[in-house]
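Engineer: Need a 3D model of the sequence below.
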Amino acid sequence: MAGANEIDRTCGAVIELVRGDVMKLAELRKARGLSQRRLAAAANIYKSTIIAIESGTAKIENISLRKAKGLADALGITMEDLLKLE
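Structural biologist: This is a model prediction of the structure:
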């Protein structure tokens, strides 16, 4: 199991990617080591919502605030950073 310092470095690197270049939800999800199913469960939303966002048939800014907050929390990022994702 990873130590606290290793996890902090990983989280920081992922947040830096989000703040730097525009990143896709799928890239961030994979960087976090999450499957679509696990992210959906952690965010308390349907897997189909994750699939729709990643495939481009839905946009993050068009989902409900509850779903967006769940995604942000599950990914460990702010709502502001979530809305920067493609």
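
Engineer: Of all the helices and strands in the protein, which has the lowest average confidence?
Structural biologist: Each helix and strand of the chain was given a mean pLDDT (mean pLDDT, DSSP states H and E); the minimum falls on helix 4-19 at a mean of 46.

Engineer: and the helix or strand just after it, what other elements does it pack with?
Structural biologist: Later in the chain than helix 4-19, the nearest helix or strand by DSSP states H and E is helix 25-31. Here helix 25-31 touches helix 4-19, helix 47-55, helix 65-75, going by 3 or more Cβ pairs under 8 Å, 6 or more residues apart in numbering; DSSP states H and E. The C-beta positions use only the backbone N, C-alpha and C, and glycine is treated the same way.

Engineer: So, low pLDDT: which residues of this protein?
Structural biologist: 1-22 (pLDDT under 70).

Engineer: For stretch 49-60, which outside residues touch it?
Structural biologist: Contact with stretch 49-60 is made by 24-26, 29, 36, 39-40, 43, 63, 67-68, 71, 82-83, 85, as judged by Cβ atoms under 8 Å, 6 or more residues apart in numbering.

Engineer: First-to-last residue distance for it?
Structural biologist: 10 Å (Cα to Cα, to the nearest Å).

Engineer: what do you get for stretch 52-59?
Structural biologist: 8 Å.

Engineer: That stretch: which residues count as buried?
Structural biologist: Of the residues in stretch 52-59, those with enough neighbours to count as buried (16 or more other Cβ atoms under 10 Å) are 53-54, 58.
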